Each structure stands twice: as C-alpha cells, then as structure tokens.
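Undergrad: Quick one: sequence and predicted model below, then my questions.
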Amino acid sequence: MQKKNHPILRHLLIDVLCAGIALVIFALFHHVLPRQQQSLGIVIPNPNKSASGQIARLPGSEALLASGGVSDLGDAVARGGKNSGGMNGKGGSALTGEDAGEAEETDDTPISEKFAERYTDQVVATENSYSSPDIAITVTEETMGRITYYLADIYVRDITCFRSALARDTYGSGYRDSITDMAALNNALIAVNGDYYGNTNEGVVIRNGVIYRANRTDCDVCVLYYDGAMRVMPGSAFTVEDAVADGAWQTWTFGPALLDTDGSVLTAFASTGRIISANPRTAIGYYEPGHYCMVVVDGRGESAGITLPELSQLFYDLGCTAAYNLDGGNSSIMVWNDAVINQPSGGGRESSDALLIAEVNDHE
C-alpha cells in the first residue's frame, strides 16, 4: 500500500526546524560569539589626582548624552533597564530596604598613610608573600573541616593597585579568557575571577574608573571607591549620580552580599537551594580602606565546597566589615606567582573578567 503524504505535517516540521536553527543562531550571536557592546564610556575622575573633577568620555564612545551633565546620564540609565525587585539566576539581593542607607562614616586618614609598617622600601617576595612600597600580600591555604580555601590578605597604599581586567582587553559579550592569561597581560601579582559580567546585560559595570554599563538589577552591587572604601548595596539603591559624586573605582554585579551593613553574619538569602548549597566560591572581603582579602573555596572534589551561610560566617570570623560573593562553580580560580594555586572544579573555565592586584609603578 502506498504511503500517504502529509504536507501539513511536513511544513510544520520544516517550520519547527527553521525556528530551532534561528534560536541557535540567536544564542550564538548573543551569548557565545564575541560581540562588542555599546559602552557608556564615562570616565570617573580620581578626586585624589584630578584637578578639574569633571567627568570625561572615552574616545569612540557613543554620544549618549545631549549635554555633559550627570543628571542627563542618570536619565539615560533610568531608561536602560527594569528592576524586577526579586530574585534572578545570580541569587537576588541578601539585603533589605533598610540596608540601602548612607555608608558609615570611616576614618578620614588617606590609605596612602595607613599600614606603613606593612610595606617595604623595595620588593620583597617569598613563596607566599609579596611586599613593596605600595602593596603587601600574604597568601595561605586553609582548611575548615572538609573545606579547603585560599586566602589572600591584601594591603594597598594606592587604590589603583586594585584593578580589573577584561578578557581580550575588550568590553562586550562572548569575550572570554583564562584568569592566568589576564593576570599575565596585566602584570598581576594575584588574580581571581570576577563577576562574569559578559554573561548578561544586567547590572552595573564600572572598571578602573570607567562606566561601561549601568542597567538596573535586582542583585546586590559591590562598589569600591577611590578613597579605598568598599560598600555593598541592593541594586535598587545604586545610582550613577552617586557613583560619580562619591568616586567609584570598581563595581561588580553578582552577589549576594555576605555580611549586612553592620558587618554581621547573614543567614537568609533570596536564592534557590542550589545556589545556597555547598559550591566552589570566589569572594572579596573588606576590613577598612586599604585592607582587603580575596577568598577562593574549592568544591565538588576533595574539598566539599561552602554554603552561603558558611561563607558569611567565614568572612565574619576573618574580621571583615563587608564581603561580596562573585561568580563561582567552575569559574573559581586564584592565580598567584603566575600559576593557578587552587584546584578548580572541572578544570576551571575562562571568564569575561578578573580582579587583580598589580603595581602602579615598577619597583626595582
């Protein structure tokens, strides 16, 4: 018996196939293939080094502002995204509306005058430490039960030693590089993975004093300022006007916050069980202006990984007053002395960005 043709079914299958191909192409274009993104290109002046105090624009950036005022920038950003006010794939905010107030008053002593005893007139390097006129770093491997983590205790005399790197030195989506290569390209003494900003269009991207993106987000945002202070706030509390006025040097959008605004342990997180549960982690901690730490926790192997409440407790026990969770899982990597020193899950993976400490000036 001759089989009957089903033209409607055949056309339907062809339509489904074409739609599938279109979705694959869309995903490749937006999430896999490298693609430069439009950057705000606003340079925030360093109040310690800028006489004019005026914001500037990077050459080639789009003229997004009708005039150069900060208020116009805020208006442009306000139209750039929607804050859902809830939870997303990165875990949402661990802070409440009560945590969105003004930053605490801190010691006004410039970081250039703090911790003088930590620095050395010339470079002194050992297997697990480094010191110079501007930087002091000590790196240790620690264990806590079945958890192994790597702790970098960091002092900087000049906040521009605390830098970010972009994969292929380019802002955009789909650009990825190893943390080792980004560290080498930027002469980093130590480096960890960042917030993987290139995996989403959400949130705030300020790197080395340049505003690349300032879309609204429901994640906590971490801001490092030119004066050395670090503050973590709900995404709804972040404004570009404040970032410019207060002198933001770096921002990261991932989270959640690991301590509340009083520096106390957080036990409740607006995240799924998968995110809260034990995983490899990368996080940064803040003691006071000029004193920071980087932590990378191994997981999914001999080391069990760490839960968010346990990570919060760890930073509290370290004495930090603020702490912030970055991208984790296979991304969690620490590079020291030009080599990866932890055991990344799955062998690690490339990322769109890194946090690093590097000399501003070469020291003999």
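TA: Cool, the structure landed. Numbers count the residues shown, from 1 in each chain.
Undergrad: Just the endpoints, please. Distance across stretch 272-290?
TA: 34 Å (CA to CA, to the nearest Å).
Undergrad: Kindly report the same for stretch 132-148.
TA: One end of stretch 132-148 to the other measures 29 Å (CA to CA).
Undergrad: average pLDDT for it?
TA: Averaged over stretch 132-148, pLDDT sits at 98.
Undergrad: buried set for it?
TA: Neighbour counts using 16 or more other CB atoms under 10 Å place 132, 134-139, 147-148 of stretch 132-148 among the buried residues. C-beta coordinates here come from the backbone N, C-alpha and C atoms, glycine included.
Undergrad: And for stretch 115-126?
TA: Here stretch 115-126 shows 115, 118-119 as buried, counting by 16+ other CB under 10 Å.
Undergrad: Going by distance to Thr239, which of the residues you listed wins?
TA: Closest to Thr239 out of the buried residues of stretch 115-126 is Phe115 (31.5 Å), distances taken as CB to CB.
Undergrad: My understanding was that that closest one contacts Ala136; is that so?
TA: Yes: assessed by CB atoms under 8 Å, Phe115 is found in contact with Ala136 at 7.3 Å.
Undergrad: Can you check which residues contact both of these two?
TA: Counting by CB atoms under 8 Å, 6 or more residues apart in numbering, the shared contacts of Phe115 and Ala136 are Tyr155.
Undergrad: and of the buried residues of stretch 132-148, the nearest to Val43?
TA: Distance to Val43 across the buried residues of stretch 132-148 (CB to CB) is lowest for Asp134, with 22.4 Å.
Undergrad: which ones are touching the closest residue to that closest one other than its chain neighbours?
TA: In this structure, Asp134 finds its nearest non-sequential neighbour in Arg157, 4.4 Å apart by CB to CB, 6 or more residues apart in numbering. Arg157 makes contact with 111-112, 114-115, 119, 133-135, 290 under the criterion CB under 8 Å, 6+ apart.
Undergrad: Please repeat the previous calculation with a cut-off of 10 Å.
TA: The contact partners of Arg157, by CB atoms under 10 Å, 6 or more residues apart in numbering, come to 110-116, 118-119, 132-136, 228, 290, 360.
Undergrad: repeat for Trp249
TA: Trp249 touches 44, 46, 159-160, 162-164, 206-210, 223-230, 243, counting by CB under 10 Å, 6+ apart.
Undergrad: quick one: secondary structure of it?
TA: For Trp249, the assignment made with DSSP: H, G, I helix; E, B strand; the rest coil gives strand.
Undergrad: from now on call the first residue 31
TA: Happy to do that; since the first residue is 31 now, the last one works out to Trp279.
Undergrad: Next one: it from Gly331, what distance?
TA: Trp279 is 35 Å from Gly331, where distance means CB to CB, to the nearest Å.
Undergrad: what's around the closest residue to Pro319 other than its chain neighbours, how many residues?
TA: The shortest distance from Pro319 to any non-neighbouring residue, by CB to CB, 6+ apart, is to Gly258 (3.0 Å). A count of nearby residues for Gly258, using other CB atoms under 10 Å, gives 24.
Undergrad: Let me see the contact set for Gly258.
TA: 136, 139-142, 144, 186-189, 192, 279, 316, 318-322.
Undergrad: Mark which of the contacts of Trp279 are part of helices, please.
TA: Ala273 (DSSP state H).
Undergrad: Just the buried ones among the contacts of Trp279, please.
TA: The buried subset of these (16+ other CB under 10 Å) comprises 74, 189-190, 192-194, 236-237, 239-240, 253-260, 273.
Undergrad: Quick check: next helix or strand after the lowest-mean-pLDDT helix or strand in the chain?
TA: The helix or strand of the chain with the poorest confidence is helix 100-108; it has a mean of 49 (mean pLDDT, DSSP states H and E). Under the assignment DSSP states H and E, the closest C-terminal helix or strand after helix 100-108 is strand 154-155.
Undergrad: What is the helix or strand following that next one packed up against?
TA: Proceeding N to C from strand 154-155, the next assigned helix or strand is strand 159-161, under DSSP H and E. Packing partners of strand 159-161 (3 or more CB pairs under 10 Å, 6 or more residues apart in numbering; DSSP states H and E): strand 154-155, strand 165-174, strand 177-186.
Undergrad: Now strand 159-161: buried residues?
TA: So strand 159-161, judged by 16+ other CB under 10 Å, has buried residues 160-161.
Undergrad: ok, it: who's next to it in the sheet?
TA: Each strand paired with strand 159-161, and its direction, by DSSP bridges: strand 154-155 (antiparallel), strand 165-174 (antiparallel).
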